[in-house]
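>>> what follows is a predicted structure for the sequence shown.
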Amino acid sequence: MITIRPSNERGSANFGWLDTKHTFSFGSYYDPKYTGFGNLLVINEDIISPSQGFGTHGHQDMEIVTYVITGELAHKDSIGNEETIPSGEVQRMTAGTGIRHSEYNYSNSDPVHLLQIWILPETKNLPPSYEQKSFSAEDKQGKLCLLASADGRDNSLTIHQQVDLFASILGKEDTISYNFNDGDYGWIQVVKGEVSIDHTTLKAGDGASIQQEKEVKIIANTDETEFLWFHFKP
């Protein structure tokens, strides 16, 4: 079963410095039909104006993944990390027992466009930790590139949940087939372009849940199609 979450039905807010869209309930936006999908709680698409951002704030017992689409994000946290995250790099932050951080657009001239993802960890009260890695367009081209996994295999980030998170960039008519085991479930989030998944069309900003499927086929309908693919295991 594939259920579409259309981009134009997401929660949204524009604060001037921040244009944000929420796939699931977040902040002042609440929809009882969309309070998360299994262990996936948040997919926020944020566009942050130059030199603007989120002041210091706290998190606890959450795996937070930041995927920068364009631009560069500055990060500073309470466990001593002070980094910039450019397009093509991915950050994983384990909030665990508690972490405080700030996030700002590093540029004073161009916006930064990103996805921020929250996933429930399988264990509470983990020590806070931070990880950041680069994944080039070539790494993603024509295939699923593993960004994060529970075991950190294939140079992926280590995430404290039974999930494999992939990214892919496909040319028009490129196809990827993917198999699920019993009880597994998935989510696709389209970043750029358009895909067809089992005859269902998804455009940029659209997402879809995948349940009770043995195999799905993803076909790019446009050049430079980019998407994230989540595979959760019970």
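Great, that's in hand.

>>> from now on I want contacts and neighbour counts done on CA atoms only, so please keep to that.
Noted.

>>> what residues does stretch 48-64 touch?
Outside of stretch 48-64, the residues within contact range by CA atoms under 8 Å, 6 or more residues apart in numbering are 16-19, 91-113, 116-121, 124-126, 159-160.

>>> next, count neighbours for Asp61.
21 (other CA atoms under 10 Å).

>>> no, scratch that, I was asking about Phe230
Residues within reach of Phe230, counting by other CA under 10 Å, total 20.

>>> check for me that it belongs to a strand.
Yes. Counting by DSSP: H, G, I helix; E, B strand; the rest coil, Phe230 is located in a strand.

>>> residues contacting it?
Phe230 neighbours (CA under 8 Å, 6+ apart): Val163, Asp164, Leu165, Phe166, Gly186, Trp187, Ile188.

>>> repeat that for Thr222.
Applying CA under 8 Å, 6+ apart, the residues contacting Thr222 are Gly171, Lys172, Glu173, Gly193, Glu194, Val195.

>>> please apply the same query to Asp223.
Leu170, Gly171, Lys172, Gly193.

>>> recalculate using a threshold of 10 Å.
Listed by CA atoms under 10 Å, 6 or more residues apart in numbering, the contact set of Asp223 reads Ile169, Leu170, Gly171, Lys172, Glu173, Asp174, Lys192, Gly193, Glu194.

>>> now do the SS call for it.
coil.

>>> that one and Asn179: what is the separation?
24 Å (CA to CA, to the nearest Å).

>>> do the same with Asp154
With CA to CA as the criterion, Asp154 and Asn179 are 19 Å apart.

>>> restricted to strands, list the contacts of stretch 48-64.
18-19, 91-94, 99-105, 112-113, 116-119 (DSSP state E).

>>> buried ones among these?
18, 91-94, 99-105, 112-113, 116-119 (16 or more other CA atoms under 10 Å).

>>> Ser136 contacts Pro86, doesn't it?
No. At 11.1 Å, Ser136 does not count as touching Pro86 under the criterion of CA atoms under 10 Å.

>>> leaving out sequence neighbours, find the closest residue to Lys203.
Glu194 (4.4 Å; CA to CA, 6 or more residues apart in numbering).

>>> list the residues that contact that neighbour.
170, 172, 201-206, 219-227.

>>> if I look at it, how far off is Asp174?
12 Å.

>>> please identify the helix or strand for the closest residue to Ser25 other than its chain neighbours.
Nearest residue to Ser25, sequence neighbours excluded (CA to CA, 6+ apart): Thr35, at 5.1 Å. Assigned by DSSP states H and E, Thr35 belongs to no helix or strand.

>>> give me the neighbour count for Thr35.
15.

>>> could I get the contacting residues of it?
Here Thr35 is in contact with Thr23, Phe24, Ser25, Phe26, Leu41, Val42 (CA under 10 Å, 6+ apart).

>>> rewinding a little: give me the phi and psi for the residue nearest to Lys203.
In terms of degrees, to the nearest 10, the main-chain angles of Glu194 are phi -150, psi 140.

>>> ok, now how distant is the spatially most central residue of the chain from Leu41?
The chain has Ile117 as the residue nearest its centroid, 4.5 Å off, counting by CA atoms, centre = their mean. To Leu41, Ile117 is 8 Å away according to CA to CA.

>>> same question, Glu194
Counting by CA to CA, the gap from Glu194 to Leu41 is 24 Å.

>>> kindly report the same for Arg92.
15 Å.

>>> again, but for Ser49
Distance, Ser49 to Leu41, by CA to CA: 25 Å.

>>> what's the closest non-adjacent residue to Thr201?
Using CA to CA, 6+ apart and skipping the chain neighbours, the partner closest in space to Thr201 is Val195 (5.8 Å).
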